[in-house]
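Novice: have a look; sequence and predicted model below, questions after that.
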Amino acid sequence: MVAPGLATAASLAAVRAAIRPGISTLELDAIADRAIRELGGVSNFQMVPGYSHTVCASVNDDVVHGIPNGRRLEPGDIVSIDSGADIGGWNGDSAMTIVLDDPARPELVAARQLLSDVTEQSLWHGIARLATAHHLNEVGEAIEEYVEEHPSTKAGATYGILTDYIGHGIGRSMHEAPPVFNYRVRQRGPEVKPGLVVAIEPMITAGTTETFVRDDEWTVASADGSMASHWEHSVAVHKDGIWVLTAEDGGASGLLPLGITPVPIP
């Protein structure tokens, strides 16, 4: 699963390099598709019945599953890009959030960047917990603990972790068992042992956890119009440790500060 993971990472890196005010999410979709194909892969999102794009692009109060379109991105937009690749029948899945600069509204940009940073770091804390966990649902506990410790800068406000949408196993299919919760649950979940590969993906809003699906029947948006962030990595557990398949460095940049050293898959 290393190859599709790296192809997925390459697609997001290409989008990160190209994203700016004035570009459309449909243009970013084409850029991601080209990056995957250059590495011998195909978009696994395009294999989902009824979906024809390479990425999901969710802007501002859209949380996940946003459909790329011709709308031009604007300064200050917070944009989540979710991508995946298939190579040889194996899958990768990853997501990131980018906040576009807006010199005219620095406070807005700072608030949205904080939301993205908290979401990203909650993901890394979840991955770090996976490295030492006995049972999978410890991951969600670590994610929620981090979010609780890092509230919004808005007085009295807390971030909301979506509960209707969660992570998943990944392998021959993009979405497999087991479920990966981003919050505490009563059950311990399956045992963490070599061979487990999961996509961990906290989805967090600056307000309510309530959502609705837009008329396109795909895009999930926050019910109160609050901004949203989505970060995701596919992570493998093997006999010597863990390896983040959708990070070029295996997750070292995110895990070393947390005391975890990712180990390449032998």
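Specialist: All right, it came through fine.
Novice: tell me what the helix or strand hosting Glu144 is packed against?
Specialist: Element membership of Glu144, judged by DSSP states H and E, is helix 138-149. Contacts defined by 3 or more C-beta pairs under 8 Å, 6 or more residues apart in numbering; DSSP states H and E place helix 138-149 against helix 106-132, strand 160-161, strand 197-200. C-beta here means a position set from N, CA and C on the backbone, and glycine is covered the same way.
Novice: try 6 Å
Specialist: Judged by 3 or more C-beta pairs under 6 Å, 6 or more residues apart in numbering; DSSP states H and E, the packing partners of helix 138-149 are helix 106-132.
Novice: ok and the helix it packs on relative to helix 138-149, angle-wise?
Specialist: Using axes from the mean of the first three to the mean of the last three C-alpha atoms, to 10 degrees, one finds that helix 106-132 and helix 138-149 are set 150 degrees apart in direction.
Novice: residue ranges with poor pLDDT in the stretch 1-150 of the chain?
Specialist: Along the stretch 1-150 of the chain, no part satisfies pLDDT under 70.
Novice: quick one: secondary structure of the closest residue to Gly241 other than its chain neighbours?
Specialist: Of all residues beyond its chain neighbours, the one nearest Gly241 is Val263 (3.3 Å), with distances taken as C-beta to C-beta, 6 or more residues apart in numbering. Classification of Val263 using DSSP: H, G, I helix; E, B strand; the rest coil returns coil.
Novice: and for Lys193?
Specialist: Quick answer, by three-state DSSP: Lys193 is coil.
Novice: please, which helix or strand holds the residue nearest to Gly195 when sequence neighbours are not counted?
Specialist: Spatial nearest neighbour of Gly195, excluding adjacent residues (C-beta to C-beta, 6+ apart): Val237 at 7.0 Å. Secondary structure assignment for Val237, by DSSP H and E: strand 233-238.
Novice: still on that earlier bit, doesn't Lys239 make contact with the residue nearest to Gly241?
Specialist: No - the pair Val263 / Lys239 is not scored as a contact, 9.2 Å apart, by C-beta atoms under 6 Å.
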